[in-house]
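> next one to model:
(2 chains)
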There are 2 protein chains.
Amino acid sequence: MSVTAPQGFAAAGVAAGLKSTGKPDVAVVVNRGPRKVGAAVFTSNRAQANPIIWSRQAIQDGIVEAVVLNSGGANCFTGTFGFQTTHQTAEKAAELLGVSAGDVLVCSTGLIGSGDEVFRGKVLAGTADAIAQLSEDGGDAAAAAIMTTDTRPKTAVRTGDGWTIGGIAKGAGMLAPGLATMLVVITTDADLDAEQADAALRAATGRTFDRLDSDGCMSTNDQVTLLANAASGIRPDLDAFAASLADLCRDLAEQLQQDAEGAGHDVTIEVANAASESDAVEVGRSVARNNLFKAAIFGNDPNWGRVLAAIGTTTAEFDPYDTDVWMNGVRVCTAGGPDRPREDVDLTPRATHVLIDLKVGTATATILTNDLTHDYVHENSAYSS
Amino acid sequence: MSVTAPQGFAAAGVAAGLKSTGKPDVAVVVNRGPRKVGAAVFTSNRAQANPIIWSRQAIQDGIVEAVVLNSGGANCFTGTFGFQTTHQTAEKAAELLGVSAGDVLVCSTGLIGSGDEVFRGKVLAGTADAIAQLSEDGGDAAAAAIMTTDTRPKTAVRTGDGWTIGGIAKGAGMLAPGLATMLVVITTDADLDAEQADAALRAATGRTFDRLDSDGCMSTNDQVTLLANAASGIRPDLDAFAASLADLCRDLAEQLQQDAEGAGHDVTIEVANAASESDAVEVGRSVARNNLFKAAIFGNDPNWGRVLAAIGTTTAEFDPYDTDVWMNGVRVCTAGGPDRPREDVDLTPRATHVLIDLKVGTATATILTNDLTHDYVHENSAYSS
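Below you'll find the predicted structure:
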């Protein structure tokens, strides 16, 4: 049910011909109220797709009636024509839904630079088709329609004290298959105002999606949207809602990690006893982005030297000669030297845990990443597909 | 002849048993004077190998009598024992050469965490053996002995007005095969003082080796050393010497790029019309480190969207909608949209040229990198070899 699990939401997913496979590629999620609260976070990449430019403006008033999403084309670097396509998409949805175009968000994912007249025609027709098929059971159809190279749809639902949160997601954040993108829509029937929705969303994404770093490549199209309609009539305890929202986001982030393109290992990098949370994040991200470390994990090689070499490139407070590294529960490095033998570490399971103990403070952070594999190279070297 | 091309230098390379293949693995380069001027630049990684820690101290007085280098073991994160190994290596060379240990630099390359008693014994014996075989024709033997996964030795010679510069190098800077390392020794018989040598070396490396970024992974052992002995009796024109030294370093950097582990393309990223040189370097490096771009080049795919997406993650001054991207002479993107068709670009040659025209200033920079290939993943995922 995903985004249609909370009361007062409808969704649909249809095949508009954007994908050469004929699979569904346009989705619509509509908020039927009573409240039309929306919040969104966007890619921090300065090269931004037309839907991002549009949606950033549309979200300003905190009101969102609907989100239109397409796979099969990023509509990024497609010039004025491409921006007009996004604008027309919002206008088309608004007209059919009887709302203001300024309250319709648009999301796209696919190849950068694609977005010609044919693309526009299919997106507009697909939008109309999806709106005609809107259903209170349509959440899973929407989840399927935003997939690109995802092998399975990503959905999650959480329930609170009289309220529900549902979400759909596609694409591993910065793994960016074919430079496609992380798109997420989350709905709730809890009664939140725009400020509360925004605060809860930023807090949740900051420690979940923002800490998924599959391949270090930041997309031009990332967007995470939260819609809140108060259909449950419940004003939630804000701490409980925030915790539930964060848990749902963590669940979706892990689903993205576990379906990251070409990945052979899902690597959880836990940084402990850092001087600050930002230090912990910097260290975890530096290791997550180190190709030599990632290739070693692919080869089931507990190469802790590459972990320390990656930490050494950061500005984090640490002493290379008083840092411990554990891999899957085995301390392979302590105090700047080898500890237990590499042979003791079993890296064959897909789920891989790396613990870096910086021993300088009490802050922690966890970064989710993947290994660097032949399949990753293969899937991302194929001609712009 | 390489490092023994200038007058007054001797070198040797011997097999000490550090490499399981039995190939040469210990090299010594000795300055026979009359002057014993030395300058060196080191990795900026905060995780530093024992030879780096030693050599940083030894270079302080600007006097270097000899450099001892070994492949087959990085002697990094090997604890106090590993530092003593480096110290003993310098002592051994000093004793046999009749000089001060504080004037002997040490360099190592190979697997991090390797450096036990057996390693120590072989390095010390190899050092003595190499010193016994020192020859004024030994430069090429030294070049061979510092190779790890290099497929060929890297050497270069330049001559000026009565003086000569020679150099040897191994390993593509930050490609770091097996987390081995870029080691470079450059000799000259020009008459330079320590300050002049240091200034010339920093200027040359800053625009050559520092702009080679094969895989974004910074080694723990990088060291570039310049020895100057005035044996020619010539005080060079400093501008001419600096230009010649920079040209030699560029030559060696390109040799490193062209032999980078697993690479299928040598990619020259030229950033033009940037607001500042640092902006140009940041943009070039960001593209050079983008795995999606690198995988696309491997697949002969002129995927300019990935170039713009990489630029978008920088702080450089640029307008995504007024940036041009050329690949091998074909403008594939202009003003934030597609230009000439992808099919017009031939990316099959190994030498690949990407021109990014930022159109905001007059500064330029060139970054050398490689593509991301199956061979790179394979060679770096094999068990710590």
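
> could you use CA atoms for every contact and neighbour count after this?
Will do.

> is chain B contacted by stretch A:281-291?
Yes: against chain B, stretch A:281-291 shows contacts by C-alpha under 8 Å from any C-alpha of the partner chain at A:290-291.

> which residues touch that stretch?
Residues outside stretch A:281-291 that contact it (C-alpha atoms under 8 Å, 6 or more residues apart in numbering or on different chains) are A:211, A:213-216, A:269-271, A:293-294, A:306-307, A:310-311, A:313-316, A:364-370, A:372, B:215-217.

> in PyMOL, select just the buried ones from those residues.
Buried residues among the contacts of stretch A:281-291 (16 or more other C-alpha atoms under 10 Å in any protein chain shown), as a PyMOL selection:
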select buried, (chain A and resi 211+213+214+215+216+269+270+271+293+294+306+307+310+311+313+314+316+364+365+366+367+368+369+370+372) or (chain B and resi 215+216+217)
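
> in strands, which of the contacts of stretch A:281-291 fall?
Those of the contacts of stretch A:281-291 mapping onto strands are A:269-271, A:364-370, per DSSP state E.

> for residue A:201, what are its contacts?
A:39-41, A:226, A:242, A:245.

> what stretches of the stretch 251-385 of chain A score poorly on pLDDT?
A:383-385 (pLDDT under 70).

> what about the helices in it?
For the stretch 251-385 of chain A, the helices defined by DSSP state H, counting those that start in this stretch occupy A:277-288, A:291-298, A:304-311, A:374-381.

> which single one of the ones in strands among the contacts of stretch A:281-291 is nearest to chain B?
residue A:370 (13.1 Å; C-alpha to the nearest C-alpha).

> the closest one against residue A:264, yeah?
Yes: using C-alpha atoms under 8 Å, residue A:370 is in contact with residue A:264, at 7.3 Å.

> switch the ones in strands among the contacts of stretch A:281-291 over to TSV; also include distance to chain B.
Shown next, in TSV, are the ones in strands among the contacts of stretch A:281-291 (distance: C-alpha to the nearest C-alpha, whole Å):
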residue	distance to chain B
A:269	18
A:270	19
A:271	17
A:364	21
A:365	21
A:366	21
A:367	19
A:368	17
A:369	14
A:370	13
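
> bridge partners for residue A:109, pull those for me.
residue A:73 (DSSP bridges).

> chain B contacts on the stretch 201-350 of chain A?
Close to chain B, as judged by C-alpha under 8 Å from any C-alpha, the stretch 201-350 of chain A has residues A:215-220, A:290-292, A:295-301, A:303, A:305-306, A:308-314, A:320-321, A:335-338.

> one step back: to residue B:230, which of the helices of the stretch 251-385 of chain A lies closest?
helix A:304-311 (37.8 Å; C-alpha to C-alpha).

> identify the residues contacting that closest one?
A:283, A:286-287, A:290, A:292-293, A:320, A:325, A:332-333, B:45-47, B:77, B:111-113, B:179, B:217-220.

> what about the helices in the stretch 51-200 of chain A?
Counting by DSSP H, counting those that start in this stretch, the stretch 51-200 of chain A has helices at residues A:79-97, A:117-132, A:139-145, A:194-206.

> tell me which of those is the most buried.
Among the helices of the stretch 51-200 of chain A, helix A:139-145 has the highest mean neighbour count (mean count of other C-alpha atoms under 10 Å in any protein chain shown), at a mean of 27.

> show me the contact partners of that helix.
Helix A:139-145 is contacted by residues A:1-5, A:10-15, A:23-29, A:70-71, A:152-155, A:168-170 when judged by C-alpha under 8 Å, 6+ apart.

> these, buried ones only, as a PyMOL selection?
Per 16+ other C-alpha under 10 Å, the buried members of these correspond to this PyMOL selection:
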select buried, chain A and resi 1+2+3+4+5+10+11+12+13+14+15+23+24+25+26+27+28+29+70+71+153+154+155+168+169+170
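
> so which of the contacts of helix A:139-145 sit within strands?
Mapping the contacts of helix A:139-145 onto strands (DSSP E) picks out A:10-14, A:26-29, A:70, A:154-155, A:168-170.

> quick check: pLDDT value at residue A:179.
Residue A:179 carries a pLDDT value of 48.

> would stretch A:82-100 count as contacting chain B?
No: shown here: stretch A:82-100 not in contact with chain B (C-alpha under 8 Å from any C-alpha), separated by at least 9.4 Å.

> do the same with stretch A:120-136
No: counting by C-alpha under 8 Å from any C-alpha, chain B is not contacted by stretch A:120-136; separation bottoms out at 15.7 Å.

> which residues does that stretch contact?
So stretch A:120-136 is contacted by A:4, A:8-18, A:26-28, A:68, A:70, A:85, A:88-89, A:92-93, A:96-97 (C-alpha under 8 Å, 6+ apart).

> output it in CSV with nothing but the alpha carbons.
What follows is stretch A:120-136, C-alpha atoms only, in CSV (Å, rounded to 0.1, in the frame of the first residue of the first chain):
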residue,chain,number,x,y,z
ARG,A,120,7.2,15.7,-23.5
GLY,A,121,4.3,14.2,-25.3
LYS,A,122,4.6,10.9,-23.5
VAL,A,123,5.0,12.6,-20.0
LEU,A,124,1.9,14.7,-20.5
ALA,A,125,-0.2,11.8,-21.8
GLY,A,126,1.1,9.6,-19.0
THR,A,127,0.2,12.2,-16.4
ALA,A,128,-3.4,12.4,-17.7
ASP,A,129,-3.6,8.6,-17.9
ALA,A,130,-2.3,8.2,-14.3
ILE,A,131,-4.7,10.8,-13.0
ALA,A,132,-7.6,8.9,-14.6
GLN,A,133,-6.5,5.8,-12.8
LEU,A,134,-5.9,7.3,-9.4
SER,A,135,-6.8,4.8,-6.7
GLU,A,136,-6.7,4.5,-2.9
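
> give me the distance from it to the chain's centre.
Put simply, stretch A:120-136 sits 24 Å off its chain's centre (C-alpha atoms, centre = their mean, to the nearest Å).

> in stretch A:317-331, what's buried?
A:317-321, A:323-328, A:330-331.

> straight-line length of it, end to end?
With C-alpha to C-alpha, to the nearest Å applied, stretch A:317-331 spans 21 Å between its terminal residues.

> for stretch A:327-339, same thing?
Between the opening and closing residues of stretch A:327-339 lies a distance of 12 Å (C-alpha to C-alpha).

> residue A:36: what's it in contact with?
By C-alpha under 8 Å, 6+ apart, residue A:36 lies in contact with A:63-65, A:227-229.

> now residue A:64
Under the criterion of C-alpha under 8 Å, 6+ apart, the neighbours of residue A:64 are A:31, A:36-38, A:58, A:103-105, A:227.

> for it, phi and psi?
Phi and psi for residue A:64, reported as degrees, to the nearest 10, are phi -130, psi 130.

> quickly note the distance from it to residue A:158.
In this view, residue A:64 and residue A:158 are 22 Å apart by C-alpha to C-alpha.

> counting neighbours, what do you get for residue A:63?
Neighbourhood size, residue A:63 [other C-alpha atoms under 10 Å in any protein chain shown]: 21.

> repeat for residue A:335
When neighbours are counted by other C-alpha under 10 Å, residue A:335 comes out with 16.
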